[in-house]
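A.B. asks: 3D model of this:
(2 chains)
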Amino acid sequence: TTIRSFIRSIYVATRVRPDLVLCNGPGTCVPIVMIVFLLRILGMADGNVVFVESFCRVHNLSLTGKLLYPIVDKFVVHWPELLQQYPRSQLVS
Amino acid sequence: GVEQISDDQQHDSSDDNARLVEGVSCSSYRFKPTLRQDMEAADLIISHAGAGSIMEGLELCCAANGGRIKGGDATASGDVSQKRRKKLVVVTNAALMNAHQSELADALEARGHLFVVNDPSELLKEETLRQIEKFDQIPFEGGDGGADFAALVDNHFGFEP
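C.D. replies: Numbers count the residues shown, from 1 in each chain, chains lettered A, B, ... in the order given. Here you go, the predicted structure:
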């Protein structure tokens, strides 16, 4: 189903060409974020991604967070403990 | 089901299972559309350590204990001198997904915002109850996350606030 959602995401992302994608964490957002990122690298679109990690994550990131941390534009966390490990992240309390 | 232990003096006759247990009137129910009213009325909230329940509990405790709430729904009852010491106790369930509930619960406990119990049986111990009684809860005031987040996104795109 990930493959199916991946293909669907390509379709959606190229049709819509979002300026901004806001996601809050479930694994379902991974395909769409990756496609948006890919389109930007290929110069085909200019989407930005803001990822908000779960409030429950105090000391380490979710799997989705770890996967997407390198490629999103803004990575928001809720706990200062994470800022040291993930210096690109920003705190919103 | 949820068990609500209420003080004798409170009117709580609307529930199906109202009864007297050792002088304390208890009532319980299986489902309610929202627990907010009960949580607002209570002096002590004992909840499972789910994130949503924790957040709601903290918000209501902050309002009741005269803390400043930024961006929440609850309105402060204002009278700090009254010091209605509302407390939140949470019970974590280690059987769920790598004991993930403990991460949030422990972090909040370390900051003094709630009291953690790791097994329901601990609530039966006198030692635990004494600790809860002595526990001086610090209101969780939080930040105005909504406004801060909006500012962060605006800032990214170069919009002035």
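
A.B. asks: Next to chain A, which bits of chain B? Give me the list.
C.D. replies: Residues of chain B lying near chain A by CB under 8 Å from any CB of the partner chain: B:51, B:55, B:100-101, B:103-104, B:107, B:142-143, B:145, B:148-149, B:152-153, B:156-157. To be clear about C-beta, it is placed using only N, CA and C from the backbone, and glycine gets the same treatment.

A.B. asks: switch to 10 Å and redo it
C.D. replies: Contact residues (CB under 10 Å from any CB of the partner chain) of chain B with chain A: B:49-52, B:54-55, B:70, B:100-108, B:110, B:141-153, B:155-157.

A.B. asks: So which residues of chain A form strands?
C.D. replies: Remark: strands assigned in chain A by DSSP state E are A:20-23, A:48-52, A:74-77, A:89-91.

A.B. asks: and the helix or strand bottoming out on mean pLDDT in chain A, what other elements does it pack with?
C.D. replies: Lowest on mean pLDDT, DSSP states H and E among the helices and strands of chain A sits helix A:2-16, with a mean of 85. In terms of contacts (3 or more CB pairs under 10 Å, 6 or more residues apart in numbering or on different chains; DSSP states H and E), helix A:2-16 is packed against helix A:29-41.

A.B. asks: Where does pLDDT dip in chain B?
C.D. replies: Applying pLDDT under 70 to chain B flags the ranges B:1-24, B:68-84, B:143, B:161.

A.B. asks: Quick one: the helices in it, in order.
C.D. replies: B:36-41, B:51-64, B:100-110, B:126-134, B:145-157 (DSSP state H).

A.B. asks: if we can go back for a sec, out of the residues of chain B next to chain A, which are buried?
C.D. replies: B:49-50, B:54-55, B:100-108, B:142, B:145, B:148-149, B:152-153 (16 or more other CB atoms under 10 Å in any protein chain shown).

A.B. asks: closest point of chain A to chain B, which residue?
C.D. replies: Proximity of chain A to chain B (CB to the nearest CB) peaks at A:Ser93, 3.7 Å away.

A.B. asks: Help me confirm that that residue comes into contact with B:Ala147.
C.D. replies: No: A:Ser93 lies out of contact with B:Ala147 (CB atoms under 10 Å); the separation is 11.4 Å.

A.B. asks: which one in chain A is furthest away from the centre?
C.D. replies: Residue farthest from the centre of chain A, counting by CA atoms, centre = their mean, is A:Glu81 at 20.1 Å.
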